[in-house]
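*Asks:* the amino acid sequence is not available; the structure is as follows:
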């Protein structure tokens, strides 16, 4: 399992890690790799290590420094791009990458398996940009090339990675080259960059691996529909939200920052946060208050 974060995301990263450990059901050990920058404090590291000690396996914080010309999304930092170098740093057959704004509701070990064709990764469609012709993607920022506008576009918050194929296909090198191109100005940063480099070569995951709280976000933003409705109708999306495998708290509406009220997916995160706080309390490690967004 791989996560990438700076000090701003240490607390939600701990909650995500706890959820993965709590739900892990494989007899194989769970090895956790955290790619972090120099902003992590001694307390941050102590938090990660205290939560990680619950796992039967290795917990490693790998120090990396990432430099990118520009970050377009306000709630992201350059460390988001660390996911694009993780398969070059970690020797494993398969990796499961998770964003820090997720919780696992079931064991993620099924993600650590062979991927279709010669694809280097598997990921779920992005509900807000499910295809290249979605309104906020489109050819003006993302030339279609050989692909039709209906080609799928994935969300990079949950990815299953075949390390050998990633390395053979030089994905990291191609990402770095694109990042150095002054003409490349991705609206969605690392996610756009990976989608462009992979050129549609990814296995599509079951949407339950990356369930977005669409109902809450629609109410929060005053929306009635999203581009993903074309592939996941609203009624089906509601069913997904009732039985997620991984919940991904997309956008800047994070459950540790805003009040989700009685939203079921918001309550799931808060319950996980309370359990994580108990782990840190028992380890006598200071932590943020889990009761306040």
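*Replies:* All right, it came through fine. Quick caveat: nothing in here was measured; it's all calculated off a predicted structure.
*Asks:* from here on, contacts and neighbour counts on C-alpha atoms
*Replies:* Noted.
*Asks:* beta partners of the closest residue in space to residue 153 that isn't next to it in sequence?
*Replies:* Excluding the flanking residues, the one nearest residue 153 by CA to CA, 6 or more residues apart in numbering is residue 131, at 4.8 Å. Beta-bridge partners of residue 131, counted by DSSP bridges, are residue 152.
*Asks:* I'd say residue 131 and residue 152 touch.
*Replies:* Yes: applying CA atoms under 8 Å, one finds residue 131 in contact with residue 152, separated by 4.3 Å.
*Asks:* neighbours around residue 50, how many?
*Replies:* Residue 50 is flanked by 19 other residues according to other CA atoms under 10 Å.
*Asks:* any idea how far it lies from residue 150?
*Replies:* Distance from residue 50 to residue 150, counting by CA to CA, to the nearest Å: 45 Å.
*Asks:* again with residue 110
*Replies:* 28 Å.
*Asks:* quick one: distance of stretch 248-258 to the chain centre.
*Replies:* 13 Å (CA atoms, centre = their mean, to the nearest Å).
*Asks:* what about that stretch, start to end distance?
*Replies:* 15 Å.
*Asks:* next one: stretch 224-233
*Replies:* The stretch stretch 224-233 measures 12 Å between its terminal residues, going by CA to CA.
*Asks:* numbering from 355 from now on, please.
*Replies:* Yep, numbering from 355; the last one is stretch 578-587 now.
*Asks:* list the buried residues of that stretch.
*Replies:* Within stretch 578-587, the residues that count as buried by 16 or more other CA atoms under 10 Å are 580, 581, 582, 586.
*Asks:* what about the last one, which SS state?
*Replies:* Following DSSP: H, G, I helix; E, B strand; the rest coil, the label given to residue 586 is coil.
*Asks:* residues touching it, list them.
*Replies:* With contacts defined as CA atoms under 8 Å, 6 or more residues apart in numbering, residue 586 is in contact with residue 481.
*Asks:* likewise for the third one?
*Replies:* By CA under 8 Å, 6+ apart, the residues touching residue 582 are 480, 481, 482, 483, 484.
*Asks:* just give me the closest of those residues to residue 573.
*Replies:* Nearest to residue 573 among these: residue 482, at 14.9 Å, using CA to CA.
*Asks:* tell me both backbone torsions, phi and psi, for residue 567.
*Replies:* Here is the backbone geometry of residue 567 (degrees, to the nearest 10): phi -70, psi 70.
*Asks:* tell me how many other residues crowd it.
*Replies:* With other CA under 10 Å as criterion, residue 567 counts 21.
*Asks:* hmm, it is touching residue 602, no?
*Replies:* Yes: the criterion here is CA under 8 Å, and residue 567 meets it with residue 602 at 7.3 Å.
*Asks:* got a list of what residue 410 touches?
*Replies:* Contacts of residue 410 (CA under 8 Å, 6+ apart): 383, 384, 385.
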